[in-house]
Structure formats: structure tokens, C-alpha cells
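# Next come a sequence and a model predicted from it.
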Amino acid sequence: PTYVQLPGEDVDAGRGLCGLLMKHMYGTQKAADGWQAECSSRLMEKLGCCQGLARQCIFVHESKDVVLTVHGDDVFIVATEEISVG
């Protein structure tokens, strides 16, 4: 669980209470983990990529001869010819 300080305009802010996050919040480790999981699942399920065993941020699509690296919001694609990802 991740707790955050309540903003000043919250009615309970001055009472020493904090908030429990129910979803990922930008800038937290859980948000980064959630984004990586979402991106990974889409690359595998929708595009047919295989995830690397030693490095889980590397994906390969063998039939299209494409290698992708995903780290946070940075995506690097290496391909031998022009491809369409849409």
C-alpha cells in the first residue's frame, strides 16, 4: 500500500491523516511497475513479441526481425526494414 499526504484543501488535511492510494500515482514506483506491465502485456498479446528472459525490458518479434527495448516511457526499435506497428 502507498500512502500520501493530503492536499491542503482537503477537510482532513490538518488532522494528521493521510490518504491511501487506490490507483497508481505518477512518480511512484507502482506507477512505473504498472506501466511496464501494461506495455509488456500489449507487446506480447497484441503484437506477438517474446519477452527476454535475462532482461524483461527487451522484446523480440522473430518473424518480422524486430527487437524492441522498453524502459519507462522510452522505446527503442531495431528492424531490418520499414515496419508498420499500427
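Great, that's in hand. None of these values were measured; they are calculated from a predicted model.
# And the helices in this structure?
Secondary structure of the chain (DSSP state H): helices at 29-45.
# ok, the residue nearest the centre of the chain - contacts?
Central residue of the chain (CA atoms, centre = their mean): residue 35, 1.7 Å from the mean position. Applying CB atoms under 8 Å, 6 or more residues apart in numbering, we find residue 35 in contact with 24, 72, 73. Heads up, the C-betas are built off the backbone N, CA and C, glycines and all.
# Going by neighbour count, which of the residues you listed comes out on top?
residue 24 (16 neighbours; other CB atoms under 10 Å).
# quick one: that residue and residue 37 touch, right?
No - the criterion here is CB atoms under 8 Å, and residue 24 misses it with residue 37 at 10.3 Å.
# how close does the residue of the chain most remote from its centre get to residue 6?
Note on the chain: the largest C-alpha distance from the chain mean falls to residue 15, namely 34.7 Å (CA atoms, centre = their mean). Computed as CB to CB, to the nearest Å, the residue 15 to residue 6 distance reads 9 Å.
# quick one: low-confidence ranges for this protein?
83-86 (pLDDT under 70).
# Give the bridge partners for residue 20, please.
Using DSSP bridges, the beta-bridge partners of residue 20 come out as residue 3.
# quick one: the strands in the chain?
3-5, 18-20, 50-51, 58-61, 66-71, 74-79 (DSSP state E).
# can I get those strands in a markdown table with mean neighbour count and distance to residue 11?
What follows is the strands of the chain, written out as a markdown table (neighbours: other CB atoms under 10 Å; distance: least, CB to CB, whole Å):
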| stretch | mean neighbour count | distance to residue 11 |
| --- | --- | --- |
| strand 3-5 | 10 | 14 |
| strand 18-20 | 11 | 12 |
| strand 50-51 | 14 | 46 |
| strand 58-61 | 18 | 47 |
| strand 66-71 | 17 | 40 |
| strand 74-79 | 12 | 40 |
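# Quick one: the ones you listed as TSV, columns for distance to residue 43 too.
Shown next, in TSV, are the strands of the chain (distance: least, CB to CB, whole Å):
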stretch	distance to residue 43
strand 3-5	31
strand 18-20	31
strand 50-51	8
strand 58-61	5
strand 66-71	7
strand 74-79	10
